[in-house]
Structure formats: C-alpha cells, structure tokens
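Participant: what shape does this take:
(2 chains)
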Number of protein chains: 2
Amino acid sequence: MKNQISKAVISRLPRYYRYLRELIDQGVERISSEELSRLMKATASQIRQDLNHFGGFGQQGYGYNVKSLYKEIGNILGVEQAHNIIVLGAGNLGRALVKYNGFSQHGFNFCSLFDVDEALCGKSVNGIGIRPINEVDDYVRSHEIDIAALTIPMDKAREMSTLLYDAGIRYFWNFTNIDLQLPDDAIVKDVHLLDSLLELSYRICNAK
Amino acid sequence: MKNQISKAVISRLPRYYRYLRELIDQGVERISSEELSRLMKATASQIRQDLNHFGGFGQQGYGYNVKSLYKEIGNILGVEQAHNIIVLGAGNLGRALVKYNGFSQHGFNFCSLFDVDEALCGKSVNGIGIRPINEVDDYVRSHEIDIAALTIPMDKAREMSTLLYDAGIRYFWNFTNIDLQLPDDAIVKDVHLLDSLLELSYRICNAK
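Facilitator: Here you go, the predicted model:
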C-alpha cells in the first residue's frame, strides 16, 4: 500500500510530523481533523484524506491520538532507520550542515566531508573528517552511503553527481544552484536558496 | 499585468533564469520552446504559456532570444533592485548565508546579523556586524530592511517573526523547523531542511 502514496502526500508528511511534535510538546493528546486544519491552514478533508493513506488512526468523534499518529508518521518517514550521508564541499554551508544537531536525532549520520582544498583535508568538523574529493568514489564504493549532499560550486555539480551515481548513490540533497541531470531512478531534493530569495525579490518588486 | 501572474508561474521563474544563464555561458543565442522543454523536463506548451505572461519574446520559427529573455526575466524578478536583508541567528547557518557570495550579485545585501549570544555581538562575519537580538526592533524601524532571514531556534521563531512583522518587515526567509504564524500580508519562503531530508528518508525506506 505504501508504494501507492502520491508524491504530493509524501511531501506533506514531514509537515504533519512537525505539527504533531509541537502538539505533543504542548501536552495535546488528541486532535480532530478540523482543529488540525485550522492550525495547518489546510482543509480538514485533505487532512483526513492524507492520513487515511496510513490506516484508521482517526476515530469519529474522538479525532486523532497525537502521539500514535506522530509515531506512525515517523515510522513511515523512516526516522527510526539510520541513514548515512556524505557532504561534498566543506565550505561554509557544508560545515553548517554537519554542525547542525537537529538531523542526527532523526537518524541522519554525517559520515564524511569531501573537498578539493587540500589544506582542509585531514581536518575535521564536528568530529567528521574532511577527505580529498578524489577519494569520494572509493569511499562510496567501500561504505554504505545513502545520501550525498552537494554544496560544491555549480560547475562541478553535474560531473560529481554522475560520478556518485555511478558509484551507487541514488539519493541526492542538492544545494547547488543548478538542476542535476541524472537517470530517472535518482531521487533529488533540491534546496535552491537563490530561487527562494528571487521569489521574495519578485514579491517585493510587485507589492501593491 | 504583472500582478495577474500566478504563484505557480512566479515560483518557476527563477528556474528559467538559471537555465538561461547556463545557455548564455554555453554561447547559445536562441532556443526554441521544444529545446528548452527537453532541457528543463517541462512540456513545451507550459514553457510557451509561462513565458507568454511576459509579452512576445518568442518568435515562430526563431524561438527565444536567450539574452533578451534572461534580461527580461531578471528584471521581472527584480535582480536590478537592491534588497536589504538581516539575519536572525549568527550560528553556523546564519554565518554561512552571509558568507556566500552568490546572493550579492543579484542585489541582495546582508546588513546585519543578530544573536542572543553576547560574546558574538560586536564581532563581524564577512564584514557584517553581529548585534544583540534585543536591538533588532530599533534597527528594523530605523533602517530600510526588506527581508528577515530566520536561523534561530524554533522555540523563538514565532515570537521573533511577530516582533519583526510589527516593526514593518513583510518578507521572511524562514530556515527554522516550524511554520511561522503571521498575518496574510506577510510573505514567507520556507527552507525546511529537515523536511527535505525526511522525504529522502521516506524514499530510501520505500525503495523497491
């Protein structure tokens, strides 16, 4: 059944997960789809539809048990699984990702950084070693790596992502200002920071 | 006319802008909607529809003039305008944003960082000063600030965004792991990093 869930629903799951975490922190034990809808600014019917994909947590007249639903969505999202990540680019952004402690509690382990700058290699950030970029192919082939985060200059992004794909990586977290061009079985989540700034710029310039 | 452009089209403009920049760098002078469609993995009819919003750049049998289209979309996105940004939170991510040099060339000026940590205040990152967070209200009221980037812990995010809104900020670049709750005339672009990782996690756990 899980494989039938649409991309749109999947992309909304982390948001449910965040709101449920907040409700738990506030001591809320159960919530109706109407209350959740007001909170999340989505329609109650969409919420019911989305959550129905995962079986019958909601009970008429009772609503959802917040903790059960949080745990179930967490399971679906795989937060109990460990996922190994390497980061290409040990610049400011790459280092910031590795230093942020909010990822590890959800099972994401940063295993290594890679950089072209030889002066950085051998050093470590938050206990994570920096290796020369020309070792990344061997590293990926000899370790179980799930995700590659790309924080390298965009003129190297496609070449490096293809190399990583050929070495076996299928999941990419792309911070470069370019779309990767990979075979269809590669899953890429883009974080195009400049795109979001440019959208804000548009809105500023076109405000009434 | 510009105000009639849908949010969906606006959100696609930065992507056109990136691809056109690439084409310019490759020396391409003109491109048909069909070629652009193969490159961008969108349908040619969507591309024609999107670009028609901005007047008649495309010519039957000739295609689009890459440089003109790039310049025009840049104008629409406001890249020739200066936009002033403050960053709340001088941690790893806040500092990485300020250090990245890819934003300034599109008119984005980082004016100040703010942090609760008094030991950081008075220091500077990439020439941008760090000020105490309790000065941010006065600062916003006495400077022309367009955008506030939030890289603070999520338990302070809503309180601080409301304070900034009351001081006049309407555009928010939200990196906190929480949705802000602001009046409807606030424009928020979220960069929920954990959400995108969790989506990858889901895909890994549900791969065939």
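Participant: what sits up against stretch A:127-137?
Facilitator: Outside stretch A:127-137, the residues within contact range by Cβ atoms under 8 Å, 6 or more residues apart in numbering or on different chains are A:86-88, A:90, A:98, A:110-116, A:118, A:120-124, A:139, A:160, A:163-164, A:167. (Glycine included, C-beta is placed from N, CA and C.)
Participant: now those: which count as buried?
Facilitator: Listed as buried from these are A:86-88, A:90, A:98, A:110-115, A:120-121, A:139, A:160, A:163-164, A:167; burial here means 16 or more other Cβ atoms under 10 Å in any protein chain shown.
Participant: ok, back up a step: give me the subset of the contacts of stretch A:127-137 lying in strands.
Facilitator: Secondary structure defined by DSSP state E assigns A:Ile86, A:Val87, A:Leu88, A:Phe110, A:Cys111, A:Ser112, A:Leu113, A:Phe114, A:Asp115, A:Ser124 of the contacts of stretch A:127-137 to strands.
Participant: which one of those residues sits closest to chain B?
Facilitator: Of all these, chain B sits closest to A:Phe110, with 11.2 Å by Cβ to the nearest Cβ.
Participant: what about the lengthiest helix in chain A, near chain B?
Facilitator: For chain A, the helix that runs over the most residues, judged by DSSP state H, is helix A:7-25. Yes. Applying Cβ under 8 Å from any Cβ of the partner chain, one finds helix A:7-25 touching chain B at A:Ile10, A:Ser11, A:Leu13, A:Pro14, A:Arg15, A:Tyr17, A:Arg18, A:Tyr19, A:Glu22.
Participant: sketch out the low-pLDDT regions of chain A for me.
Facilitator: Applying pLDDT under 70 to chain A picks out residues A:1-4, A:55-60, A:208.
Participant: got the domain ranges for it?
Facilitator: A:2-77, A:83-196 (automatic domain parsing).
Participant: from the chain's centre, how far out does the last one sit?
Facilitator: What that stands for is domain A:83-196. Its chain's C-alpha centre and that of domain A:83-196 lie 13 Å apart, by Cα atoms, centre = their mean, to the nearest Å.
Participant: what is the end-to-end distance of that domain?
Facilitator: Domain A:83-196 has an end-to-end distance of 27 Å (Cα to Cα, to the nearest Å).
Participant: tell me where chain A has strands.
Facilitator: Applying DSSP E to chain A gives strands spanning A:30-31, A:64-65, A:83-88, A:108-115, A:124-125, A:128-132, A:147-150, A:171-174, A:187-190.
Participant: tell me the most buried of those?
Facilitator: Among the strands of chain A, ranked by average contacts under mean count of other Cβ atoms under 10 Å in any protein chain shown, first place goes to strand A:147-150 (a mean of 26).
Participant: what pairs with that strand, parallel or antiparallel?
Facilitator: Strand A:147-150 has its sheet partners listed here by DSSP bridges as strand A:83-88 (parallel), strand A:171-174 (parallel).
Participant: re earlier: and the ones in strands among the contacts of stretch A:127-137, which two are furthest apart?
Facilitator: Largest separation among the ones in strands among the contacts of stretch A:127-137 by Cβ to Cβ: A:Leu88 and A:Ser124, giving 16.0 Å.
Participant: before we move on, back to that, columns distance to B:Lys67 on top of the strands of chain A, output as JSON lines?
Facilitator: Below are those laid out as JSON lines (distance: least, Cβ to Cβ, whole Å):
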{"stretch": "strand A:30-31", "distance to B:Lys67": "54"}
{"stretch": "strand A:64-65", "distance to B:Lys67": "54"}
{"stretch": "strand A:83-88", "distance to B:Lys67": "32"}
{"stretch": "strand A:108-115", "distance to B:Lys67": "35"}
{"stretch": "strand A:124-125", "distance to B:Lys67": "41"}
{"stretch": "strand A:128-132", "distance to B:Lys67": "39"}
{"stretch": "strand A:147-150", "distance to B:Lys67": "28"}
{"stretch": "strand A:171-174", "distance to B:Lys67": "27"}
{"stretch": "strand A:187-190", "distance to B:Lys67": "26"}
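Participant: what lies in contact with stretch A:140-152?
Facilitator: For stretch A:140-152, using Cβ under 8 Å, 6+ apart, the contacting residues are A:83-89, A:91, A:93-94, A:97, A:108, A:111, A:139, A:157, A:160-161, A:164, A:167-169, A:171-176, A:180, B:197, B:200, B:204.
Participant: skipping adjacent residues, who's closest to A:Asn109 in space?
Facilitator: A:Asn84 (5.3 Å; Cβ to Cβ, 6 or more residues apart in numbering or on different chains).
Participant: from chain B, how far off is the one you found?
Facilitator: 10 Å (Cβ to the nearest Cβ, to the nearest Å).
Participant: measure stretch A:188-199 end to end?
Facilitator: Using Cα to Cα, one end of stretch A:188-199 lies 21 Å from the other.
Participant: CA atoms only: put stretch A:26-42 into CSV for me.
Facilitator: The C-alpha trace of stretch A:26-42 is given here as CSV (Å, rounded to 0.1, in the frame of the first residue of the first chain):
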residue,chain,number,x,y,z
GLN,A,26,2.2,21.4,24.3
GLY,A,27,0.7,18.4,26.0
VAL,A,28,-2.1,17.9,23.5
GLU,A,29,-3.3,14.3,23.5
ARG,A,30,-5.8,14.2,20.7
ILE,A,31,-6.9,16.4,17.9
SER,A,32,-9.7,16.5,15.4
SER,A,33,-9.1,17.0,11.7
GLU,A,34,-10.9,20.3,12.0
GLU,A,35,-8.5,21.6,14.7
LEU,A,36,-5.5,20.3,12.8
SER,A,37,-6.9,22.0,9.7
ARG,A,38,-7.1,25.4,11.4
LEU,A,39,-3.6,25.0,12.7
MET,A,40,-2.0,23.9,9.5
LYS,A,41,-4.1,26.1,7.1
ALA,A,42,-5.2,23.1,5.1
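Participant: buried residues in that stretch, which are they?
Facilitator: For stretch A:26-42, by 16+ other Cβ under 10 Å, it's A:Arg30, A:Ile31, A:Ser32, A:Ser33, A:Glu35, A:Leu36, A:Ser37, A:Leu39, A:Met40, A:Ala42.
Participant: ok, of the residues you listed, which one's closest to chain B?
Facilitator: Using Cβ to the nearest Cβ, A:Met40 comes nearest to chain B of those, at 7.7 Å.
Participant: against B:Ala148, how distant is that closest one?
Facilitator: Noted for A:Met40: a distance of 23 Å to B:Ala148, by Cβ to Cβ, to the nearest Å.
Participant: repeat for A:Arg95
Facilitator: A:Arg95 is 24 Å from B:Ala148, by Cβ to Cβ.
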